[in-house]
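>>> Need coordinates for the following:
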Amino acid sequence: MMAYQLGTKYWHDLGDGRIQCDLCPRFCKLHAEQRGLCFVRQNLQQQLVLTSYGRSSGFAIDPIEKKPLHHFYPGSTVFSFGTAGCNLACQFCQNWDMNKSREMDTLMHLATPEAIAAKAKQLQCLSVAYTYNDPVIFHEYAIDTASACRELGIRSVAVSAGYVCPDPRAEFYHYMDAANIDLKAFSERFYHKITGGHLAVVLDTLQYIYHDTSVWLELTTLIIPNENDSTAELEQLTQWVVTHLDPEVPIHFSAFHPDWKMLNKPCTPLASLVNARDIALKNGIQYAYVGNVLHKAADSTFCHACGQLLIGRDWYQLLEWNLDAQGACTACGTQCAGHFIRTLASPA
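A predicted model of the protein is given here:
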């Protein structure tokens, strides 16, 4: 099996011995044999190739809530996989051993798109998640896998930071059914200093996904003490979601744990997560959650109209289910935004 795929199309020749990758806004300019910052896209013989095609850093069967997606077939299982590499440089990366290690280039499992789809079907997973690292950098591999999954009736979920150019973005999300986008903060200072990216690109991706595709969208913000947890920033972030996306877009506020180059930061206090959730609800967001901590109420889904508990959660276990067959509240009939079916994991 080939270790890479020739003929990726988002690049052009600069005419000076280099080629430029046009997949993400980094626009890496590559000499012969050179790899981009993502590490998996390389100039070989004046063509841009994907060195991680057909090679995964590992597989897992997860509850869909772990992605996190709380409104995309809750209680179902998802077949998760990723590759090496990433096109951001987050100082707090919790998958840095996979994303940054050059050893991953020789330690990956071989898996064709068809094999992944077949295994997901065999394991009765409702969907496949492109996760662990950002799937936009293994664009061709993800699309081929999503296409193979679609033929078997399996949905595709992108877990991404949304740092991608418009043309490849449009092609990529044509094959996706749901996405959780990591909105890392709501300041350019944070994005430039801590991730090596730019906020405007991500905001544009969010608006594209919500307004121009049928992809189900949820957001995640990792709350880092003294970096992106101020009341003012959370006010701006949640107001932007309501104004530029929709109050029905769920948002997850997750707890930070020291990792990679941010070992000097404390863990996120539960009170900070609850405060972020309270601000979101106050500003009109209908579904706001906390993550990476145990808080049953703040991780459960409530009807935004009457307040009834719709889906009770304890970590990734569903405890209560008060939606009818159409996904509406059984108390008042208000529709809950999302995609819902009775699954084996849903409470009776």
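
>>> which stretches of the stretch 101-250 of the chain have low pLDDT?
Scanning the stretch 101-250 of the chain for pLDDT under 70 picks out the ranges 101-108.

>>> all strands of it, in order?
Secondary structure of the stretch 101-250 of the chain (DSSP state E, counting those that start in this stretch): strands located at 109-110, 127-130, 155-160, 178-182, 216-223.

>>> For the helix or strand A271 falls within, what is the distance to the chain centroid?
In this assignment (DSSP states H and E), A271 forms part of helix 270-282. Centroid displacement of helix 270-282 relative to its chain, using CA atoms, centre = their mean, to the nearest Å, is 21 Å.

>>> Pull out the buried positions in that helix.
272-277, 279-280 (16 or more other CB atoms under 10 Å). The way it works is simple: take the backbone N, C-alpha and C, and place the C-beta from them, glycine included.

>>> Tell me the one of these nearest G54?
The shortest gap between G54 and any of those belongs to L273, at 38.7 Å (CB to CB).

>>> hang on, the earlier thing: packing partners of the following helix or strand past the helix holding A271?
With elements assigned by DSSP H and E, the helix or strand that comes after helix 270-282 is strand 288-291. Judged by 3 or more CB pairs under 8 Å, 6 or more residues apart in numbering; DSSP states H and E, the packing partners of strand 288-291 are strand 251-255, helix 270-282.

>>> Please point out which parts of strand 288-291 sit buried.
In strand 288-291, counting by 16+ other CB under 10 Å, buried: 288-291.

>>> re the thing from before, now the angle from the helix holding A271 to strand 251-255?
170 degrees (axes from the mean of the first three to the mean of the last three CA atoms, to 10 degrees).

>>> which outside residues touch helix 270-282?
Contacts with helix 270-282, where a contact means CB atoms under 8 Å, 6 or more residues apart in numbering, come from 221, 223, 225, 229, 231, 234-235, 238, 241, 251, 253-255, 288-291, 293, 295, 298.

>>> out of those residues, which are buried?
Buried subset of the contacts of helix 270-282 (neighbour count, 16+ other CB under 10 Å): 221, 223, 229, 234, 238, 241, 251, 253-255, 288-291, 293, 295, 298.

>>> Could you give the number of residues near W315?
11 (other CB atoms under 10 Å).

>>> which element is the residue lying closest to it once chain neighbours are set aside on?
In space, W315 comes closest to L294 once its chain neighbours are excluded; the distance is 6.6 Å by CB to CB, 6 or more residues apart in numbering. Using DSSP H and E, L294 sits within no helix or strand.
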